[in-house]
Each structure stands twice: as C-alpha cells, then as structure tokens.
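Enquirer: no FASTA, just this:
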Ligand SMILES: C[S@@+](CC[C@H](N)C(=O)[O-])C[C@H]1O[C@@H](n2cnc3c(N)ncnc32)[C@H](O)[C@@H]1O
C-alpha cells in the first residue's frame, strides 16, 4: 500500500462523514431503475498517512540505512484508508466506480490496491488521470441522467475546482455532491493590507465563479495622527475564513438552485479552519431529499 503523506485526524473525520451516507444511498436507490455511480474526482492513492506519523528512526536504533538517508518509518496503525477504497467496500455495491486523480503515481498506487483487494469489482471500476474539472464536465455531458444517479466526491488539496464544474454538476439534475471547499486557501490570497495576490486571486475568481468578493475584502481605517495632525488612511483585510465559507456556500447554492445543506463541517489541522465540507444535491424531486436529510444529520 502506498500512502500519501497528508492530513490528520480531520481527514479521518471527513471520510467517515461521507462513508456513513454511501451505503444508505445505494440501499435506498437499489430498487429504482437507475445505474448508480460513485465518482471520486481527486481519489488519491487509496490511503494516506498523517505527516505527524512519519517518524525518523533513532540514530542508535540499528534501523538506519548505512548506505544513505534513513527512510521514515510509517506507523501502520495510523494509515488512513482513503475515499475510493471506502466506497469500494460499501454494500450494496455501486454499479460503477469512476476514480480519478491527476497524479500518475497515485493512479498507479490505487490500481495496485484495487488489484490486491477489489479484483472482484474490476469490471465496474474506471481509473483515469485527468484534471478533475475536465473529468467531471465530460461526465456531465456524456451521461444519460434520466437513467443514472451518482454520488460525486470532490476532495482537492486547494483551489483546483472551477465554479463552471459545479454549475455543470448542478445542471445534471441527478447527482449528489460532497465538496471539501478550500476556504482557507481562498482567505490566504488576501494580504493583511487587503491586497489580493495576483495568481491566487484569479484562482479564487475561478473557484467562486465571480470577482465580486474582491469588492469587500479590504477596508480603509484612519491611521495614526502625525505631528502635524494629519492621518493617513490605512488599508486592512476585512474578511475572515468564515466569511469565505458563507460566500462559497451561497455560490454552491446558486449552482444547485438552492439545494445545499445548511450544516457545514469545518475541518483542518491543529484547530485551523482549512476546509468546509458541504453537501449539494441536484435532483429537484421530493424523493431526492432523503440524501440531503441524511447529509444534514451527519454534518451536524
Ligand atoms: C486530499 S487528496 C485526496 C484524498 C483522497 N480523497 C483520499 O481519501 O485519500 C487530493 C488529491 O487531489 C489530487 N489532485 C490535485 N489536483 C488535481 C486536479 N486538478 N485534478 C484531479 N486531481 C487532483 C492530488 O493528486 C491528491 O491525490
């Protein structure tokens, strides 16, 4: 098993929250005549290990590599099984699993994990290596949504997901979406003086599908009065991470015609609010509300 080094306890919490809903979803839809898809746009390698669990061997422990650098020893108890492998374990099974990651080594590691433990599901699994936006918009275009239902999990490291992708998902009228919104990455693009970083700001524009946020992120305050009684205006950042969470939820609502669960799960390392896990559903029918009720209960 090749585990990626990222995350921490919040990673486990995020994955358990999504996992709780998957088998209820397949059970509920099993008797309806839809093809059920599990779509993981940023599926990773199949598992991860918190960076804090990567310990260097002690110099006198007899475990250092005499020929070169000591390799960190992974504490196997701390390996976190990733979203794709959790979905493959869910009963009843989905009809198809579309697993994607942009990184070649992750796709290879995920393929090896599937060969080892899920070869019985191989016919149902499609592994791809595209940009998540490309993969999802293509899926939205190609699928007959009258005959298909899907759970889509979007779990990026940062500002990779474009708003146009969320709009395409909303328009299917048929997908449930779990989206780990990178709210801290949005906030970090604003300097303390309220200025917006050039490249990062453009990524926020794309993630939110608007530039309007730029109009409110800075404020001017009166500075200290100098010897001559004059004061120079001082520009300051006027928003926080929570503000970006509110804006991101409003934008998700706009893409899904209001169908976004109010409860949001804030997640991050060491008490830092880095991400907000949100749930949106595209199907306007009353029967589709079951998933949102469940999502709202597990996000509470
Ligand atoms: C937080 S990890 C996902 C972890 C995975 N869901 C799990 O449970 O183990 C984010 C993943 O997104 C992938 N990634 C980054 N940018 C991407 C993009 N533009 N398109 C698709 N995948 C991307 C990274 O290679 C990384 O594996």
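Expert: Looks like it came in fine. Predicted model only: the values in this text are computed from it and were never measured. Numbers count the residues shown, from 1 in each chain.

Enquirer: how far out from the middle of the chain is the helix or strand where residue 290 lies?
Expert: Take DSSP states H and E as the rule and residue 290 turns out to sit in helix 289-299. Counting by CA atoms, centre = their mean, to the nearest Å, helix 289-299 is centred 18 Å from the centre of its parent chain.

Enquirer: Distance-wise, check the residue of the chain most remote from its centre relative to residue 165.
Expert: Within the chain, the residue lying farthest from the chain centre (CA atoms, centre = their mean) is residue 228, at 53.4 Å. Residue 228 sits 55 Å away from residue 165 when distances are taken as CB to CB, to the nearest Å. No exception for glycine: its C-beta is placed from N, CA and C like everyone else's.

Enquirer: what does residue 260 give?
Expert: On the measure of CB to CB, residue 260 and residue 165 end up 16 Å apart.

Enquirer: ok, for residue 243, nearest residue in space, not its chain neighbours?
Expert: Once flanking residues are discounted, residue 243 sits nearest to residue 187: 8.0 Å by CB to CB, 6 or more residues apart in numbering.

Enquirer: mind listing what the residue of the chain found nearest the ligand touches?
Expert: Of all residues in the chain, the one sitting closest to the ligand is residue 82 (2.6 Å; CB to the nearest ligand atom). Neighbour list for residue 82: 15, 43-48 [criterion: CB atoms under 8 Å, 6 or more residues apart in numbering].

Enquirer: Would you check which pair of those residues lies furthest apart?
Expert: The most widely separated members of the contacts of residue 82, counting by CB to CB, are 15 and 45 (13.8 Å).

Enquirer: shaky segments in this protein?
Expert: Within the chain, the stretches with pLDDT under 70 are 1, 5-7, 54-75.

Enquirer: how about 90 then?
Expert: For the chain, residues meeting the criterion pLDDT under 90 lie at 1-10, 28, 30-32, 49-79, 220-234, 270-271, 286-291, 300.

Enquirer: now the longest helix along it: how far from the chain's centre is it?
Expert: Across the chain, the longest stretch assigned as helix under DSSP state H is helix 9-29. Taking CA atoms, centre = their mean, one finds helix 9-29 lying 13 Å from the centre of the chain it belongs to.
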